[in-house]
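A.B. asks: model the structure of this input:
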Amino acid sequence: MATAICPACMNEVEIPPGTRPGQEIQCPYCYCTFVPIPASEGETKGGLDLEGVKEAVAACCLGETECGGCQQEACLIGFAKRAVEIAEEQGTVRIPGGEELLPKEDFRYYDPVALEDCLVEILLSCKSCQEYHSNDCVRNLLRNAIEIALLGETIDYKGSVFLYLIDLDKVNPEIGERVAAAYRSKKGLG
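C.D. replies: Residues are numbered from 1 along each chain as shown. Next up, the predicted model:
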């Protein structure tokens with residue numbers, strides 16, 4: 001059976017047989033209606049650009065020579081790598097309980113330019129989920145890991161990249177300005 005990803009809650013939804021192109025369906029999880037795009041026609045399963053995000057996360061990794069072996073459970077970047085792997089392996093955009101696994105006590109120094117680039121890639125993959133935002137979303141977990149490495153804290157995501165960029169600018173105006181400019185540039189917004 002064909003499936004589509006609900007743009008509001010990001011759950012995989014079966015497309016009922018006989019659904020015509022352009023016809024709305026209702027998500028059984030969040031009850032919003034949307035016009036489905038079968039997963040085979042979408043960007044990737046779940047709408048998460050895994051390759052772009054995976055490359056950006058890998059660019060942040062200090063490597064085994066610096067760390068003496070990957071300790072995913074104690075490393076923000078190792079955690080982010082594993083979150084992307086889980087999303088790929090399971091074809092999901094949610095990792096229940098993932099927020100509790102975030103290694104908030106990782107105080108390693110990471111390249112801030114690589115972290116900012118990674119944050120931009122994660123934001124580019126975000127859907128404006130608004131009130132359907134979930135802290136268990138892979139995008140949220142990745143963003144939180146990068147925020148801790150870059151800022152030492154997480155920023156509450158309000159379901160909108162635009163609102164997030166405003167909040168990032170309040171936390172750190174220099175980083176906020178660079179990330180917003182890179183996001184606009186990559187998004188083709190000027």
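A.B. asks: for the chain, give me the ranges with low pLDDT.
C.D. replies: Across the chain, the ranges flagged by pLDDT under 70 are 1, 7-10, 37-49, 128, 130-132, 190.
A.B. asks: what about the strands in this structure?
C.D. replies: Along the chain, counting by DSSP state E, strands occupy 3-5, 12-14, 25-26, 33-34.
A.B. asks: quick one: the residue nearest the centre of the chain from residue 126, how far?
C.D. replies: In the chain, the centroid-proximal residue (CA atoms, centre = their mean) is residue 139; its distance is 1.7 Å. Taking CB to CB, to the nearest Å as the measure, residue 139 falls 5 Å from residue 126. For every residue, glycine as well, the C-beta is placed using N, CA and C.
A.B. asks: same deal with residue 71?
C.D. replies: Using CB to CB, residue 71 is found at 28 Å from residue 126.
A.B. asks: higher neighbour count, those two?
C.D. replies: Neighbour totals were compared for residue 71 and residue 126, and residue 126 leads with 20 against 12 (other CB atoms under 10 Å).
A.B. asks: can you tell me which residues contact that one?
C.D. replies: By CB atoms under 8 Å, 6 or more residues apart in numbering, residue 126 lies in contact with 139, 143, 161, 164.
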